[in-house]
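Visitor: structure for the following, please:
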Amino acid sequence: MSVAALLRHFADLRDGTHGHAPAAAARDRPGKDVLFLRAVPLLDPFARQALEELNGSLLADTGEIAASGARRTGERGWEALWELSWPEQRAARIGAIRLHAFYGAGFHHPHLQGGTVGQWPLNVFTPEQAAAELPTLRAIAAADLHNLVAQRDHHIIPALKRGTPSQEGDEHEKH
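Guide: Okay, here's the model as predicted:
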């Protein structure tokens with residue numbers, strides 16, 4: 001998750017909304033549902049790309065990608081799943097690689113998770129291997145910050161005291 005995405009996320013918590021463009025911000029559950037339903041097809045090609053890259057680079061193109069599209073869960077929740085399964089994984093009777101977008105009935109806004117994400121392996125033995133872990137370290141730090149906000153609230157994010165995130169944060173990421 002990028003810094004700009006974290007700022008948008010925390011601003012949603014601060015403002016009690018989901019989305020920030022005045023026309024797109026939703027305060028009620030039906031409006032937030034619509035935004036989730038719009039997000040799933042936007043996310044789909046990227047979820048598939050991430051899984052296909054793993055399939056090509058690590059699974060010798062033996063994997064199969066399955067996607068659920070948006071679907072209801074429980075009385076008021078939504079989810080979308082993308083899974084990559086392959087013969088050895090199925091033979092071992094273990095879960096597939098999973099990307100899971102979900103908006104639970106009691107949640108303020110949607111989240112992403114993996115099937116088993118919570119810990120990352122650390123197999124670093126050279127400076128080059130350590131440098132290659134930089135993206136993982138960024139993701140761990142962003143997730144940790146997200147969890148710290150969940151333990152308290154958005155007030156622990158000083159950048160939010162300056163106001164609502166703007167498109168400038170998104171433009172900064174492109175450089």
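Visitor: what ranges of this structure fall below the confidence cut-off?
Guide: Residue ranges of the chain with pLDDT under 70: 1-4, 21-23, 117-131, 136-137, 141, 144-145, 148, 152, 155-157, 161-175.
Visitor: looking at it, which strand is longest?
Guide: Counting by DSSP state E, the longest strand found in the chain is strand 77-85.
Visitor: next helix or strand past that one?
Guide: Next along the chain after strand 77-85, taking DSSP states H and E as the criterion, comes helix 87-91.
Visitor: just the C-alphas of that next one, formatted as CSV.
Guide: The C-alpha atoms that make up helix 87-91 are tabulated as CSV, following Å, rounded to 0.1, in the frame of the first residue of the first chain:
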residue,chain,number,x,y,z
PRO,A,87,-1.0,-29.2,-9.4
GLU,A,88,1.6,-29.6,-6.6
GLN,A,89,-0.5,-27.3,-4.3
ARG,A,90,-3.6,-29.3,-5.0
ALA,A,91,-1.8,-32.6,-4.5
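Visitor: the longest strand of the chain: partners in the sheet, and parallel or antiparallel?
Guide: Neighbouring strands of strand 77-85 in its sheet, by DSSP bridges, are strand 64-67 (antiparallel), strand 71-73 (antiparallel), strand 97-103 (antiparallel).
Visitor: with mean neighbour count and distance to residue 19 added, can I get those in TSV?
Guide: (Glycine included, C-beta is placed from N, CA and C.) Shown next, in TSV, are the strands paired with strand 77-85 (neighbours: other CB atoms under 10 Å; distance: least, CB to CB, whole Å):
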stretch	mean neighbour count	distance to residue 19
strand 64-67	14	24
strand 71-73	11	21
strand 97-103	20	13
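Visitor: helices of this structure, residue ranges please.
Guide: Using DSSP state H, the helices found in the chain span residues 3-15, 29-58, 87-91, 127-132, 134-151, 167-173.
Visitor: out of those helices, flag the one nearest residue 78.
Guide: For the helices of the chain, proximity to residue 78 was assessed by CB to CB; helix 29-58 is nearest, at 5.3 Å.
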